[in-house]
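> Fold the following and give me the result.
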Amino acid sequence: MGVALPSQTRSLVLDTVPPGFSREGQLMTHAHDSQVRHRIAGVANQRKGAIIVLTAILMVVLLSMVAFTVDLGCIMVGRTEMQRAVDSGALAGAGVLGEGATVAEDTARDFVRQNIVRTRPIADSGVDVRIGNWDNAGRSFNEGVEPFNSVRVLARDGGYPLFFARVLGHTQHAIAAQATATFQPRDIMLVLDYSASMNDDSELSQIGRIGRAPIETNLLQIYNELGSPQYGSMRWAPTYIASTDNAVIQATLGLNGVPYPYPRGSWAEYFNYVKNSSVINNAGYRRRYGYLTLVNYWLEQRPMYSETPDLWRTSEQPITAVKDAVAVFLDFVQQVRTDDRVGLVAYTASDGTAVLESGLTSNMTLVEDISRRRQAGHYDHFTNIGAGMQKAREEMDRNGRPGTMKLIVLLTDGLANRPSNPATAAALVRNEAQRSADAEYPIATISLGSGADTSIMQEVADTTGSVHFNVPGGRTVSEYEDQLREVFRQIADDRPLVLVK
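The predicted structure is shown next:
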């Protein structure tokens, strides 16, 4: 049975309902909240299902990205390795182009085969080697066009496997690469010793070192190259005349009324030379007059062009060996045309310094012709090596081309003795070596014969970051010739290679 509350109490309970609400409204609100909570729970369950699906999709995308990244890395490594292979093949092939197109192609293929791409060599069937001409101005490769100066190598292989990308249906990929190599053009200055000592190996003074027979044979050769001139009743084999009176000697030799043949010197000077020279005396020809001692007189006493201008035509040594070696050098430079240029400096000069005989030019015939037409002691007897180096450096500064490999080739058979004295001359050589080093002009040095200052020539090469060749020669001129030819061939063959495409 119910308990009846006092009316006052009932009123208190009713008063606890918040203002603006009825008890019925409060019950309705509780019911609404319950419905909302059920709806929220339903939405949460739907989201959980969507995240699972989204996660599955993202996992597929992520795995695809991993597969792409791993396989892309393999592809890039393969391309790098194949590019390295064709680069090495092109450079190696270009390096032997002077030996012929067939040798160049075989060498290029061999070098490509020695490279590994993705764990295996490139199949020879996938390698294509082409020989042609690189036009540096137009930046174009012309296959089969002579003169050959470049090699192009193309390689392709289509069977390299993929890994994770297999799930996407891609099982393998192809790699291709190409490279073209040619020679970097060179500007080369030849600095050659034309001092009077460059005919010493043809003189009687060298009998003790070279031998009597080679010297006298060479003197006869020089006489014949002069046209075998006839003066009075003189003969090749010297005739002994006891008298020291020049008038008697001249009459005995039938030279009265016969003019001395060259601009400087005289019959009287020649007679006095034969009578008083220690060289002639030591050779056993004192007071012996004939073409043998006359030629020796020209070489030793009157070697300059202004004195005996025909000597450049003869085989005076070792300067002729140098000329022959220069010819070999220029010929080898032209065998593979690489836009090289060559210039020529001769030391000595009439002012005791050096002469720029030819600026940098592609006309190799001109350079060879000039070198042939110069004789030992052409302008002066003395040796100013530093002045020769200076002339070469200045020509390189003025006319050297940007982007070319620059080289100075310096040759001497003796000691620097100008300007002033050997000490001053050596200081100038060292100073010029440093200037060339500062300009990044390497100087390849050649010491010819036992009289050359090999120590300072080595110093010049070291200072400029180049190499020194010592050509000691031997008892025969042919030994000089062979050694010099080989040195100049090595220098000409040292062509810098460059990848151009």
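> Output the contacting helices and strands for the strand or helix carrying residue 458.
Using DSSP states H and E, residue 458 maps to helix 454-463. Helix 454-463 sits against strand 405-412, helix 422-438, strand 443-448, strand 468-471, with contacts defined as 3 or more C-beta pairs under 8 Å, 6 or more residues apart in numbering; DSSP states H and E. For the C-beta atoms, the positions are set from N, CA and C on the backbone; glycine is no exception.
> now the first one and strand 443-448, what's the angle there?
In terms of direction (axes from the mean of the first three to the mean of the last three C-alpha atoms, to 10 degrees), strand 405-412 departs from strand 443-448 by 20 degrees.
> Okay, now the sheet partners of strand 405-412, with direction.
strand 186-193 (parallel), strand 443-448 (parallel) (DSSP bridges).
> export the ones you listed to a markdown table and tack on mean neighbour count and mean pLDDT?
Shown next, in a markdown table, are the strands paired with strand 405-412 (neighbours: other C-beta atoms under 10 Å; pLDDT from 0 to 100):
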| stretch | mean neighbour count | mean pLDDT |
| --- | --- | --- |
| strand 186-193 | 25 | 97 |
| strand 443-448 | 26 | 96 |
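> To residue 403, which of those lies closest?
strand 186-193 (10.1 Å; C-beta to C-beta).
> average model confidence for the helix or strand hosting residue 58?
Using DSSP H and E, residue 58 sits within helix 23-95. The average of the pLDDT scores along helix 23-95 is 68.
> List the buried residues for stretch 259-271?
265, 267, 270-271 (16 or more other C-beta atoms under 10 Å).
> pLDDT score for the closest residue to residue 315 other than its chain neighbours?
Spatial nearest neighbour of residue 315, excluding adjacent residues (C-beta to C-beta, 6 or more residues apart in numbering): residue 221 at 5.3 Å. You'll see residue 221 listed with a pLDDT of 97.
> Backbone torsions only: list them for residue 221.
phi -60, psi -40 (degrees, to the nearest 10).
> Next: the one 3 residues further on.
When read as degrees, to the nearest 10, the backbone of residue 224 gives phi -70, psi -40.
> repeat for residue 130
Dihedral angles (degrees, to the nearest 10) for residue 130: phi -130, psi 140.
> swap in the one 10 residues further on?
Backbone geometry at residue 140, expressed as degrees, to the nearest 10, gives phi -140, psi 150.
> all numbers from here: first residue = 36
In the new numbering, first residue 36, that becomes residue 175.
> okay, now the domains of the protein?
Split into domains by automatic domain parsing, the chain comes to 87-216, 222-232+349-534, 266-332.
> how about those, which one is nearest residue 243?
Ranked by C-beta to C-beta, the member of these that lies closest to residue 243 is domain 266-332, at 8.2 Å.
> re earlier: just give the number of residues close to the residue nearest to residue 350.
Neighbourhood size, residue 256 [other C-beta atoms under 10 Å]: 17.
> residue ranges with poor pLDDT in the stretch 236-385 of the chain?
Of all residues in the stretch 236-385 of the chain, none has pLDDT under 70.
> at 90 instead, please
244-245, 367-374, 383 (pLDDT under 90).
> Doesn't residue 416 lie inside a helix?
No - using DSSP: H, G, I helix; E, B strand; the rest coil, the secondary structure at residue 416 is coil, not a helix.
> isn't it right up against residue 340?
No - Residue 416 lies out of contact with residue 340 (C-beta atoms under 8 Å); the separation is 12.0 Å.
> quick one, which of those two is more surrounded?
The residue with more neighbours, out of residue 416 and residue 340, is residue 340; 19 against 15, by other C-beta under 10 Å.
> ok so, going back, of all the domains of the chain, which one is nearest residue 248?
Taking C-beta to C-beta, domain 222-232+349-534 is the member of the domains of the chain nearest to residue 248, at 10.1 Å.
> next one: the closest one to chain centre, how far?
16 Å (C-alpha atoms, centre = their mean, to the nearest Å).
> Now the helix holding residue 493: buried residues?
491-492, 494-496, 498.
> what's the answer for stretch 252-267, then?
Buried, per 16+ other C-beta under 10 Å, within stretch 252-267: 253-254, 256-258, 261.
> What distance do you get for residue 412 to residue 388?
Separation of residue 412 from residue 388 (C-beta to C-beta, to the nearest Å): 15 Å.
> So these two - more neighbours on which side?
residue 412 (27 against 19).
> circling back to that earlier point, highest mean neighbour count out of the helices and strands packed on helix 489-498?
Mean neighbour counts were compared across those using mean count of other C-beta atoms under 10 Å; the top stretch is strand 478-483, at a mean of 26.
> Just the endpoints, please. Distance across stretch 468-478?
8 Å (C-alpha to C-alpha, to the nearest Å).
> Same check on stretch 165-179?
8 Å.
> just to revisit the earlier point, ok, which of the helices and strands packed on helix 489-498 comes nearest residue 534?
strand 440-447 (14.8 Å).
> what residues does that closest one touch?
219-228, 357, 418, 420, 423-424, 427-428, 431, 435, 471, 475-483, 487-488, 492, 495, 499, 501, 526, 531 (C-beta atoms under 8 Å, 6 or more residues apart in numbering).
> Look at the residue nearest to residue 191 when sequence neighbours are not counted and tell me its secondary structure.
In space, and not counting its chain neighbours, residue 191 is closest to residue 211: 4.1 Å by C-beta to C-beta, 6+ apart. Under three-state DSSP, residue 211 falls in the strand class.
> same question, residue 351
coil.
> Looks to me like residue 380 is in a strand.
Yes - per three-state DSSP, residue 380 lies within a strand segment.
> Show me what it bridges to in the sheet.
Residues in a beta bridge with residue 380, per DSSP bridges, are residue 226, residue 391.
> wait, what's in contact with it?
Contacts for residue 380 (C-beta under 8 Å, 6+ apart) come out as 224-227, 389-392, 423, 426-427, 430.
> From residue 413, how far off is it?
Taking C-beta to C-beta, one finds residue 380 at 13 Å from residue 413.
> tell me, what's touching these two both at once?
With C-beta under 8 Å, 6+ apart, residue 380 and residue 413 have no common neighbours.
> Cool, thanks, talk later.
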